[in-house]
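# one predicted model, sequence on top.
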Amino acid sequence: MRDECKRRDGIGASAALVGALALGGAAPALANDSSAELTTGGLVLAKSADIEMRSEDLAISAKEIVVRYRFFNRAVRDVTTTVAFPMPDIVWDGPDTNIAVPAPDSPNFLDFRTMIDGQPVTAENEQKAFAKGVDITARLAALGVPLAPQSDKTWEALDTLKSADKDALVKAEIAIPDDYDVGKGWEHHLAPNWTLKSSFFWTQTFPAGRELAVEHRYRPSVGETTGTEVGSTTIDPQEAKRYATLYCVDQDFVAGARKAQKPDASGSFAAPLFERRIAYVLTTGANWAGPIGDFHLTIDKGEPDSLVSFCADGVKKIAPTMFEVRHANFTPTRDLNVLILYRPPKND
């Protein structure tokens, strides 16, 4: 029987680990006061019959994601393979796109770092840009246009192109016009209209018959929304269903969100709760030989009065802001989505 965790201190009742649906069609419509999260995950290598993941210790917060693995090569010889950290695709759908990117001007836009047995790894970075399924990396490079659509430098480079080059990019639907008036007359710009694909990778040898300790950490892409529909009496039923499916939001959580936003006993107005959303790919853990021997997940909601909901079995509260999940011989079949409702800081 499944270990059903009752909601306490704002954590969602458990469901099959982990919340279904990745960022995409399930994401809410964005407004000017919202940003979309990018789905991130852990390390990836080709499917191996020899390398076991003896343990995975995953710690998630809005500030940082840290993953510690213990791998064991059970073969009689060393295994050398490419290990990669796929960065999330940045899909730029026009000037209204608003994506949460921690370091938008850097190729390492999530500040990814790795240690092997306590020693830092120097990883190579590969970046490519695609428009309508076509690799346009060389074309942009020839024009001196950076590949990162989220970077201000890319927009500036597009603006400084010759008219003929701008027209050619628009005709190929690589860029689109971005015209607006902020009270000083119409301004004419170009906006990127491509997808950035990138990854970090290195060649790793797993010594025969011994463990290898691997740690990597990065800053997550955290989706944010001013206010939340959770707790609203006018929420659309399909939107309520999406919250329930993606984050295991239930009636207790809804009631907690509603209560947190009501005036206090003195009648003072209670500020609305804001949303933070984090999406994490767990299913790459199924690429190793056998299940994960010891899986440990901790989620930090940030502030004691924040509410958090995510889908997991056997959730335990271990600190005022911390929750933990443990599984032995675990094979992840779905990915993780975390919803945090928090009280915005008061203006001075």
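Cool, got the structure. Numbers count the residues shown, from 1 in each chain.
# run the chain-centre distance for stretch 147-161.
24 Å (C-alpha atoms, centre = their mean, to the nearest Å).
# and the pLDDT for Leu30?
Predicted confidence (pLDDT) for Leu30: 37.
# meant to ask about Asn73
Note on Asn73: pLDDT of 93.
# and Gly231, by the same measure?
At Gly231, pLDDT is 86.
# same deal with Met87?
88.
# what secondary structure does Leu169 sit in?
helix (DSSP: H, G, I helix; E, B strand; the rest coil).
# make that Pro149, sorry
Look at Pro149: counting by three-state DSSP, its state is coil.
# can you check Ala257 too?
Of the three states, Ala257 takes helix under three-state DSSP.
# look up how far Leu43 lies from Phe201.
Look at Phe201 and Leu43: by C-beta to C-beta, to the nearest Å, they are 10 Å apart. C-betas here are computed from N, CA, C, even on glycine.
# between these two, which one's more packed in?
Taking neighbours as other C-beta atoms under 10 Å, Phe201 and Leu43 compare with Leu43 leading, 22 against 17.
# for the more buried one, what are its contacts?
Taking C-beta atoms under 8 Å, 6 or more residues apart in numbering, we find Leu43 in contact with Val67, Tyr69, Val83, Ala84, Phe85, Thr114, Val214, His216, Thr284.
# burial measure for the nearest residue in space to Val79 that is not next to it in sequence, as a count.
Leaving aside its chain neighbours, Val79 sits nearest to Phe206 (4.6 Å; criterion: C-beta to C-beta, 6 or more residues apart in numbering). Residues near Phe206, counting by other C-beta under 10 Å, number 23.
# measure Phe206 to His296 for me?
Counting by C-beta to C-beta, the gap between Phe206 and His296 amounts to 22 Å.
# shared neighbours of Phe201 and Leu43, which are they?
The contact sets of Phe201 and Leu43 overlap at Val83, Ala84, Phe85 (C-beta under 8 Å, 6+ apart).
# name the helix or strand for the residue nearest to Gly118 when sequence neighbours are not counted, please.
Ranked by C-beta to C-beta, 6+ apart and with sequence neighbours excluded, the top spatial neighbour of Gly118 is Ala213, at 7.2 Å. Taking DSSP states H and E as the definition, one finds Ala213 inside strand 211-218.
# so which bits of that strand are buried?
By neighbour count on 16 or more other C-beta atoms under 10 Å, the buried set for strand 211-218 is Glu211, Leu212, Val214, Glu215, His216, Arg217, Tyr218.
# what do you get for stretch 186-204?
Buried-residue list, stretch 186-204, by 16+ other C-beta under 10 Å: 189-201, 204.
# least confident pick among the residues you listed?
His189 (87).
# my guess is that residue contacts Asp179. True?
Yes: shown here, His189 and Asp179 form a contact pair, counting by C-beta atoms under 8 Å, at 7.1 Å.
# sorry, back to before: what's near enough to touch the residue nearest to Val79?
Asp50, Ile51, Phe71, Asn73, Asp78, Val79, Thr80, Thr81, Leu212.
# I only care about the residues you listed that end up buried; give me the PyMOL line for that.
To isolate the buried ones among the contacts of Phe206 in PyMOL, judged by 16+ other C-beta under 10 Å, type:
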select buried, resi 50+51+71+73+79+212
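# would TSV of the contacts of Phe206 with distance to Glu303 and secondary structure be doable?
Formatted as TSV, the contacts of Phe206 follow (distance: C-beta to C-beta, whole Å; DSSP: H, G, I helix; E, B strand; the rest coil):
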residue	distance to Glu303	secondary structure
Asp50	44	coil
Ile51	39	strand
Phe71	35	strand
Asn73	42	strand
Asp78	47	coil
Val79	44	strand
Thr80	45	strand
Thr81	42	strand
Leu212	37	strand
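# could you chop the protein up by domain?
Here the domain parsing of the chain from automatic domain parsing is 34-136+194-342, 137-193.
# one step back: you'd agree the residue nearest to Gly118 is up against Phe72?
No: here Ala213 does not reach Phe72: they are 10.6 Å apart, not a contact under C-beta under 8 Å.
# give me the low-pLDDT residue ranges for the chain?
Low-confidence segments of the chain, defined by pLDDT under 70: 1-34, 93-97, 263-271, 285-287, 347-348.
# most neighbours among the shared contacts of Phe201 and Leu43, which one?
That'd be Phe85 among the shared contacts of Phe201 and Leu43, by other C-beta under 10 Å, with 23 neighbours.
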